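J.: Here is my input, please return the structure:
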Amino acid sequence: MSSGEPSFFVVDELPWPDEDKVGTAPKELVEEARRRGAKRKFLARGEGGFHSQYSVFPPGYAVPLHSHDHDEMIVVLEGSCTLLDDGPTLRAHDSMVLHGGYEYGFTAGDDGMTFLTIRTAAAGTKLA
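T.: Numbering: from 1, shown residues only. Take a look at the predicted model:
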C-alpha cells in the first residue's frame, strides 16, 4: 500500500478459500490436500511485499517433495512436523527458512499441524 496504512488479517474473520479455486499450486497437490482435510487461509497477498498463509493440516498429512521459486519462512503454531528424508522434527514455536529452489517435504505429527507461511513472492510451486 503506497499510503503507508497498515493491513490487518484477523484469522477468525477470514474465510477458507472457495473449494473450486485451485490458485497457483499444482492441481493434484490441492485436490489431495482437500481430500485429506488440509486447509489454508490467505493473509497478505503482496501488502508490504509479503505473501502469507495460515494453514491447518490433519495428523499424518504428508506434503510431497516440492520447491518454490522464492524464499519462505514456516512457523509452527501448534502440533509438529517432520521433514522428509530423516529431517528434523519441528514443534510449536519452531520455524524454518527455505530458499527458493530448495526441495523439501514434510509430514504433520500425531496432533496435526497449524502453521504460518511467510513468503517473499506469490506462491509458485513445482513438484519434485
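J.: Show me where this structure dips below the pLDDT cut-off.
T.: Scanning the chain for pLDDT under 70 picks out the ranges 1-3, 18-24.
J.: Now do the helices in it.
T.: Under the criterion DSSP state H, helices of the chain are mapped to 27-36.
J.: would you list every one of the strands in it?
T.: Shown for the chain, the strands assigned by DSSP state E span residues 39-45, 51-57, 62-68, 72-83, 89-91, 95-98, 104-119, 125-127.
J.: Distance to residue 12 and mean neighbour count for those strands - can I get that in JSON lines?
T.: The way it works is simple: take the backbone N, C-alpha and C, and place the C-beta from them, glycine included. Rendered in JSON lines, the data for these read as follows (distance: least, C-beta to C-beta, whole Å; neighbours: other C-beta atoms under 10 Å):
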{"stretch": "strand 39-45", "distance to residue 12": "10", "mean neighbour count": "16"}
{"stretch": "strand 51-57", "distance to residue 12": "10", "mean neighbour count": "19"}
{"stretch": "strand 62-68", "distance to residue 12": "25", "mean neighbour count": "17"}
{"stretch": "strand 72-83", "distance to residue 12": "14", "mean neighbour count": "18"}
{"stretch": "strand 89-91", "distance to residue 12": "24", "mean neighbour count": "16"}
{"stretch": "strand 95-98", "distance to residue 12": "23", "mean neighbour count": "14"}
{"stretch": "strand 104-119", "distance to residue 12": "13", "mean neighbour count": "19"}
{"stretch": "strand 125-127", "distance to residue 12": "27", "mean neighbour count": "13"}
